[in-house]
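Asks: Sharing a model prediction with you, sequence too.
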Amino acid sequence: MIKNYLTLALKVLRRKPFYTFVSLFGISFTLMILMLITSMGDAMFGANPPMTDVNKMVFLPQAERILQFYDTTYVVDSVRMDDGRMRYDSTANVREGGMNNSTGNLAFHFLDQTLRGLDRVASYTFYSNDGFVDAYLDGRKLTMSTCYTDADYWEVFDFDFLYGQPFTADAVAGADKVVVITEVVAREYFGEVTADVIGREIALGRERFTVAGIVARPYKDDDSINGDVFMPYTTIDNRKLQSDNISGPFNAVFKAEDKAHTAGIIDEIHFIAETYDMSGDEDYEILKLTAATATEKMAAEIMQEDDLRQAKLLLFIPLITLLTLFVALPLINLINLSVSRVYERRSEIAVRKAFGADSRSILYQFLFENMVLTVIGGLIGLALALLLIRYINANDLLGIVRLAFSARVFVYFLLLIAVFGLLSGLLPALRMSRTNVADALR
Amino acid sequence: MLTHLFKLMWNKRRTNSLLFLEILLAFIVLFGVYSFALYNLDRYNAPLGFQTEHMLGVAIDIDDEMDSLDVLRLQERIKRDIRTLPGVEDVTFLGFVNPFGGSTWGIGGDDNGFDAHVTLTFAERDYASTLNMKLRDGRWFEEGDENEKYPPIVVNGTFHDNFYPDAESIVDTIFILGSESHKIIGVVDHYKYHSNFEEPYPHVFLPPQSNFTGEPFQQLIVRTAPGRTAQAEEPLYRLLVDATKNTDVVIWNMEADRKKANRPVVIPLAIMTIISGFLLINIALGLFGVLFTQINRRRAEIGLRKAMGATPAAVTAQFVGEVLVVTVAGLLLGTFFAVQLPLLELLPIPGKYFYLGIGAAITTILLIVALCALIPSRQAARLHPATVLHEE
């Protein structure tokens, strides 16, 4: 039966090449774009190395210090009593007035003192990655973003070590001049990504570091992992390490024992901030720590919005609206085209019906036919999307991030094709199956 | 004739509803893309007001322990030494807010008798000459300005146009900024320092003596001879590392920085243009196919009309008219939604661009629809009544 349907479907497609071309053009291009978007979404929100445990992570992207001013309004009600005396009621209303605030990352000293040993945290790391260092090679400049961190960093993030290994807690304690570099830096600086690079020296600024390991490029777009050179935090400028301010250049990431515990960790961090003694700070009175999950942090960064819930809405509502519009147009176009062609197949359907086929089997046949068309279009779209992904990866269009083509992404693609095929085929197939035998046979 | 066409289309409203929906959605997409593109094109066409080619930006870190006089001497020495480097034409210090750096400093108040919020740049004497900025009135900071009674400021054209629209010249005007009086000594033409797509905004340049932060200027801009920008970087880096005894020296190319600053607009614009271009082709092809089958189904009707004496032109006009009735209905509904944007002022973009966007979207869709309807209609109109009527 299926074989019959398939032969028939292919025959129909070949009979009117123009209509087949128009349909395939729409399907393949639409699916290509959708696949590219899926792939990018996977890089942004998916659990890919080196952040395979992203769902268990709590980020501490920033701290806000606030000095709140209050406006006090006095309202005096005067009432003349029956006996002619006056009575006065006064109420004072304290309202939040203006405020001074300062937002930024945290100092190592503060993190060290207050945020160690949280409940239900499997591992955690402090890191500073907002700096850059330049190296000059025969007049060519190589700018690398630095990440100063501890040995636990390699525990929290599962980087793929191509060669060598991460630096150890001992190396951090001893402030050893060792560095983990990405394959991009290895290629740019040493001209090769091989085991020979391990143990060689790299000049970063005025100092020389020994290469301990080379990591592969990430499959995930996140600023906590996008450093080019990773060094022990003890080798950072000593002023930044000793500073007893609250604000400094460091961030923190906590990995919970289980996904369900992230909310508890966020609450605990907020509680620590609320109860933190701010008497040592001469300019500010209130401390707010913004602890967030990866998606919340991403939305807040893209939308430049501090309120995490608001940021998520602001990001996803327009995004979903745009996507819907983009998918709806080719879909309607395809449906419109198929519906107008119902007429061509009338006699065929009428004959089948006259010989006893019920409406349901006609419906299935046309849904199947449409699915064949969508799968062909989907395959073309898939090929185009793969070419585009390869082009993007080869030309570093998304910076260091690589777009993955994993089994999961492939399953997403198949789902996309199936949904698109069903949606575009349902209405025309329904119309076909409802053909009136008597009219059509005339 | 029109009522007749309308009635025809209304009778086939189920078949036409999909076409109607398609036109409506296409209009909304095109309206959005056109408005966004036209608005940004207009922004882009206004000049930046300074040179970005062959320019290098530099950030250094001066020791916090140094006292202010030593810092001044160090800055003077750095500038003198940089000027001797091969390929360097000019150099200037600036503070905190650099072109395309992404940060903004602003200050506002009603001390001048009107609400005035301005953005700030801290610049010194050599800033205008290094960046090749043109003054439309007055002069830039000069030596001896420190002794003036009121600290001097230079403002941009938007400042003049917004705050003193009727004044011929605002040079020598006293302007209160953060409760302190300043004297305006010059007006530059333009200064768009965030990106090419920035809205003009009142801007004030403050001289070093108005630096209220207590931190020294730690950024430089270096103009190099054309073609020598890349070679100048390494000697510059070594010189600055030695002079500040600190490896925190970051050098960037201002032209590259400008392009990077434009990206948040250019990339969505490029993606939107490509996608809407594809959607248009898709719609045109689909529409062509739909009209072709629909018109072909009415061969008998065409034959009859022609036998009754209708000219091919009349037949064509009828088919094109039918499609246009549906299209115009979709466009009208779309326009109704679209005009809400400027009328309710939902977005901080002047209404003019939305009206232009509506016009452009309508024109594009009408053109495409007319073209797609014309080809199958003309083919059908050429049919000979004898052949067609014979088929039936």
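Replies: Now that the structure is in, tell me what you want to look at.
Asks: where does residue A:144 land in three-state SS?
Replies: strand (DSSP: H, G, I helix; E, B strand; the rest coil).
Asks: Of all residues in the stretch 301-442 of chain A, which one is closest to chain B?
Replies: When you check the stretch 301-442 of chain A against chain B by C-beta to the nearest C-beta, the closest residue turns out to be residue A:333, at 3.9 Å. Glycine gets a C-beta too; all of them are placed from N, C-alpha and C.
Asks: Contact partners for that residue?
Replies: Remark: with contacts taken as C-beta atoms under 8 Å, 6 or more residues apart in numbering or on different chains, residue A:333 is in contact with A:26, B:22, B:282, B:283, B:286, B:287.
Asks: Now the residue nearest to it when sequence neighbours are not counted: which helix or strand?
Replies: With C-beta to C-beta, 6 or more residues apart in numbering or on different chains as the criterion, residue A:333 has its nearest non-adjacent residue at 3.9 Å, and that residue is residue B:286. Per DSSP states H and E: residue B:286 is located in helix B:254-296.
Asks: Now find how far off-centre the helix or strand following that helix is within its chain.
Replies: Tracing the chain past helix B:254-296, the next element assigned as helix or strand by DSSP H and E is helix B:299-307. Using C-alpha atoms, centre = their mean, to the nearest Å, we find the averaged C-alpha position of helix B:299-307 to lie 54 Å away from the chain's own average C-alpha position.
Asks: One more: stretch B:111-119?
Replies: Averaging C-alpha positions (C-alpha atoms, centre = their mean) puts stretch B:111-119 26 Å from its chain's average.
Asks: Would you agree residue A:246 is in contact with residue A:287?
Replies: Yes - because the distance of 6.7 Å satisfies C-beta atoms under 8 Å, residue A:246 is recorded as touching residue A:287.
Asks: Can you pull the residues that touch both of the two?
Replies: Taking C-beta under 8 Å, 6+ apart as the contact criterion, the residues that touch both residue A:246 and residue A:287 are A:63, A:65.
Asks: Where does pLDDT dip in the stretch 101-250 of chain A?
Replies: Where the stretch 101-250 of chain A drops to pLDDT under 70, the residues are A:139.
Asks: what does it put close to chain B?
Replies: Selection of the stretch 101-250 of chain A residues close to chain B by C-beta under 8 Å from any C-beta of the partner chain yields A:131, A:132, A:133, A:134, A:136, A:139, A:141, A:143, A:205, A:206, A:207.
Asks: neighbours around the nearest residue to the fourth one once chain neighbours are set aside, how many?
Replies: In space, residue A:134 comes closest to residue A:143 once its chain neighbours are excluded; the distance is 5.3 Å by C-beta to C-beta, 6+ apart. A count of neighbours around residue A:143, defined by other C-beta atoms under 10 Å in any protein chain shown, yields 12.
Asks: residues contacting residue A:143?
Replies: With contacts defined as C-beta under 8 Å, 6+ apart, the neighbours of residue A:143 are A:132, A:133, A:134, B:250.
Asks: switch to 10 Å and redo it
Replies: If you count contacts by C-beta atoms under 10 Å, 6 or more residues apart in numbering or on different chains, residue A:143 has them with A:132, A:133, A:134, A:135, A:228, B:250, B:251, B:252.
Asks: do residue A:170 as well
Replies: For residue A:170, the residues meeting the contact criterion (C-beta under 10 Å, 6+ apart) are A:151, A:176, A:232.
Asks: what about it, which SS state?
Replies: Here residue A:170 takes the helix state, with states given by three-state DSSP.
Asks: Just the mean pLDDT for stretch A:398-415, thanks.
Replies: Over the span of stretch A:398-415, the pLDDT mean works out to 76.
Asks: C-alpha coordinates for that stretch, PDB please?
Replies: Presented in PDB, the C-alpha positions along stretch A:398-415 are these (Å, rounded to 0.1, in the frame of the first residue of the first chain):
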ATOM      1  CA  LEU A 398      30.200  33.300  15.700                       C
ATOM      2  CA  GLY A 399      33.500  33.900  17.300                       C
ATOM      3  CA  ILE A 400      35.100  30.900  19.000                       C
ATOM      4  CA  VAL A 401      31.800  29.000  19.300                       C
ATOM      5  CA  ARG A 402      31.200  26.100  17.000                       C
ATOM      6  CA  LEU A 403      27.700  25.100  15.800                       C
ATOM      7  CA  ALA A 404      27.200  21.400  16.500                       C
ATOM      8  CA  PHE A 405      25.500  18.900  14.400                       C
ATOM      9  CA  SER A 406      24.800  16.300  17.000                       C
ATOM     10  CA  ALA A 407      22.300  13.400  17.200                       C
ATOM     11  CA  ARG A 408      20.000  15.600  19.300                       C
ATOM     12  CA  VAL A 409      20.000  18.400  16.700                       C
ATOM     13  CA  PHE A 410      19.300  15.900  14.000                       C
ATOM     14  CA  VAL A 411      16.200  14.600  16.000                       C
ATOM     15  CA  TYR A 412      15.100  18.300  16.300                       C
ATOM     16  CA  PHE A 413      15.400  18.600  12.500                       C
ATOM     17  CA  LEU A 414      13.300  15.400  11.900                       C
ATOM     18  CA  LEU A 415      10.600  16.800  14.200                       C
END
